[in-house]
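Asks: attaching a predicted model along with its sequence, questions to come.
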Amino acid sequence: MTTPKVITRFAPSPTGFLHIGGARTALFNYYFAKHMSGEFRLRIEDTDKERSTDAATQAIIDGMKWLGVHHDGDIVFQSKNSEDHAKAAMELLERGAAYRCYATPEELETLRDAGRDGDTAFRSPYRDEEKVLDKPHTIRFRVPEGKTQITDHVQGDITWDNKNFDDLVLLRADGTPTYMLAVVVDDHNMDVTHVIRGDDHLINAGRQTLIYEALGWKIPQWAHVPLIHGPDGKKLSKRHGALGAEAYRDMGYLPGGLRNYLLKLGWAHGDTELFFTEEQISKVFDLEGINSAPARLDFDKMDFINGQHILQEPNKNLLELASGFLTDLNEGTLSDDLEQRVLAAMDTLKPRSKTLKDLAEQARYLMLKRPLEITGKSSKPLRKEDAISHLSALTLRLKSLEEPNWSETEIQRLLQDYVSEHDIGFGKIGQPVRAALTGGAPSPDLSWVLTLLGKEETLARLEDVITSDFAKD
Ligand code: GLU
């Protein structure tokens, strides 16, 4: 017998953004399918019309696209499969595995109250009703006696006593399916072989197993992944910060960095922390490496991993990836010249950046508009005695440095010569020059600042200061 092709799926309900926990579940499904040379499908579970929105569906699709979790085949919309859901409910009725329940909402309320202290879950009094009545009704699953066992790739063997499972509704009185029925029917029709999802659905695996058995369908393999907790160990909530994948994009995380971080969050492969290529991950990703304890978000780790991805990324790609952040800081698209300057500076920007936002901030000094606004603490070095006269003398020297010699080494030498000749500490000129050229924006070694700004811009910024109010103080 040949083993069937592995098919995994991500099945979000479109009620908000792509939650970071959902993104991780999607990633696990995606990498496992890749590892097994299978397929990863996307199903939008939009049967709850009141809570599902098109905007949320779009946010999920966009979030996945940005993160680089690409699904195979067409997207399946659960709401389009209602005929199949109803057909399965009828099949269960015929098999005696389901029954018509005529209980009214008031009746149900009373029954629930009465049953609250009992040790058996909900059973409807219509369970044994044989006549078909002409009354509104739901279709309920007839939970059989006995026990249900599953073997979960993450949680191990789990057994439930069926008496703890409600006779749940499969089809509502208006003919719409419930989650429990729809998910089984769709997974079956999509030939899903592995259900990898959050462990908040673990007990549903027990209930769904019973439905699969009643229909005589092959039960998929299960892997219930612990949810993500906040750094404090509590269930992840708004108070821990960003929850949507798009928020991480807006904070400047690279898709590859976030993928690497989310993958590592609760999944281990020896001590390997960094995964830079999809091939590297696909090769080793397995369900057995998923930790059965909840994972804790760790923003420092996320920054570290993202920083490593920034270091690895080719400079040109980074320029493109950071372009939105650069444009924002520059308050407009960068000129070709400025873009070239940022590109030339990239090797000095990368080691100082954990995110693309950091990267843009590190490049801000290159984008400042003249005359620079130099205020507060940043202006202090310019107010020191001799500062302006040193700046003037240095500017003259820099002017005489020929354009082809405008390099880090030559500039470094010129600055060193100047301080030696005047017998002063480097700070005496270093601080005011840096203030004049960067206005206090983050910047690398001074000789690099001058090199990257170029001769013309450097001299212009220095002269702005020499001829400004600072000179008159
Ligand atoms: N739609 C369900 C949810 O968003 C997931 C269903 C499943 O993965 O079985 O929680």
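Replies: Now that the structure is in, tell me what you want to look at. Numbers count the residues shown, from 1 in each chain.

Asks: for residue 443, phi and psi?
Replies: Note on residue 443: backbone dihedrals following degrees, to the nearest 10 are phi -150, psi 160.

Asks: ugh, typo on my part, it should be residue 122
Replies: Dihedral angles of residue 122 (phi, psi; degrees, to the nearest 10) stand at phi -60, psi 130.

Asks: can you tell me the centre-most residue of this protein?
Replies: residue 245 (3.6 Å; Cα atoms, centre = their mean).

Asks: these two touch, right, that one and residue 258?
Replies: Yes. If you go by Cβ atoms under 8 Å, residue 245 and residue 258 touch, sitting 7.3 Å apart. (C-beta placed from N, C-alpha, C; glycine too.)

Asks: give the contact list for the residue nearest to the centre of the chain.
Replies: 17-20, 23, 63, 66-67, 258 (Cβ atoms under 8 Å, 6 or more residues apart in numbering).

Asks: quickly list what's touching both of residue 245 and residue 258.
Replies: Common neighbours of residue 245 and residue 258, counting by Cβ under 8 Å, 6+ apart, are 23, 67.

Asks: what about the residue in the stretch 101-250 of the chain that the ligand sits nearest to, which helix or strand?
Replies: The stretch 101-250 of the chain approaches the ligand most closely through residue 197 (3.7 Å), counting by Cβ to the nearest ligand atom. In this structure, residue 197 is located in strand 194-198 according to DSSP states H and E.

Asks: so what are the sheet partners of that strand and their directions?
Replies: strand 221-225 (parallel) (DSSP bridges).

Asks: when you scan the partner strand, is anything in it near the ligand?
Replies: No. Strand 221-225 stays clear of the ligand (Cβ under 6 Å from any ligand atom), getting no nearer than 9.7 Å.

Asks: contacts for that strand next, please.
Replies: 24-25, 28, 32, 150-155, 193-199, 201-202, 205, 266, 287, 290.

Asks: can I get the CA coordinates of that strand in CSV?
Replies: What follows is strand 221-225, C-alpha atoms only, in CSV (Å, rounded to 0.1, in the frame of the first residue of the first chain):
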residue,chain,number,x,y,z
GLN,A,221,-3.3,12.3,12.3
TRP,A,222,-3.3,15.0,15.0
ALA,A,223,-0.8,17.4,16.3
HIS,A,224,-2.0,19.9,18.9
VAL,A,225,0.4,22.7,19.4
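
Asks: so residue 68 versus residue 21, what's the distance?
Replies: Per Cβ to Cβ, to the nearest Å, residue 68 is found 18 Å from residue 21.

Asks: who has more neighbours out of the two?
Replies: residue 21 (21 against 14; other Cβ atoms under 10 Å).

Asks: show me the shaky parts of the stretch 101-250 of the chain.
Replies: Low-confidence segments of the stretch 101-250 of the chain (pLDDT under 70): 116-117.

Asks: now do the strands in it.
Replies: 138-141, 147-152, 156-161, 169-171, 194-198, 221-225, 228-229 (DSSP state E, counting those that start in this stretch).

Asks: so what does the first one touch, helix or strand wise?
Replies: Put plainly, it is strand 138-141. Counting contacts by 3 or more Cβ pairs under 8 Å, 6 or more residues apart in numbering; DSSP states H and E, strand 138-141 packs against helix 82-94, strand 98-101, strand 169-171, helix 202-215.

Asks: any chance of those in TSV, plus mean neighbour count and distance to the ligand?
Replies: As requested, the helices and strands packed on strand 138-141 are exported to TSV (neighbours: other Cβ atoms under 10 Å; distance: least, Cβ to the nearest ligand atom, whole Å):
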stretch	mean neighbour count	distance to the ligand
helix 82-94	17	14
strand 98-101	21	20
strand 169-171	23	15
helix 202-215	19	7
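
Asks: switch these over to a markdown table; also include distance to residue 231.
Replies: Compiled in a markdown table, the helices and strands packed on strand 138-141 are given as follows (distance: least, Cβ to Cβ, whole Å):
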| stretch | distance to residue 231 |
| --- | --- |
| helix 82-94 | 41 |
| strand 98-101 | 45 |
| strand 169-171 | 39 |
| helix 202-215 | 24 |
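
Asks: closest one to residue 342 among those?
Replies: helix 202-215 (49.2 Å; Cβ to Cβ).

Asks: show me which residues of the protein sit near the ligand.
Replies: Close to the ligand, as judged by Cβ under 6 Å from any ligand atom, the chain has residues 11-13, 45, 183, 197, 201.

Asks: of these, just say which sits nearest to residue 395.
Replies: Of those, the one sitting nearest to residue 395 (Cβ to Cβ) turns out to be residue 12, at 60.4 Å.

Asks: need phi/psi at that closest one.
Replies: According to degrees, to the nearest 10, residue 12 has phi -70, psi 150.

Asks: same deal with residue 43?
Replies: Here residue 43 shows phi and psi, under degrees, to the nearest 10, equal to phi -120, psi 120.

Asks: just checking, it touches residue 189?
Replies: No. With contact defined as Cβ under 8 Å, residue 43 does not count as touching residue 189 (10.2 Å).

Asks: more neighbours: these two, which one.
Replies: residue 43 (21 against 14).

Asks: any idea how far that one is from residue 78?
Replies: Residue 43 is 6 Å from residue 78, where distance means Cβ to Cβ.

Asks: perfect, that will be all.
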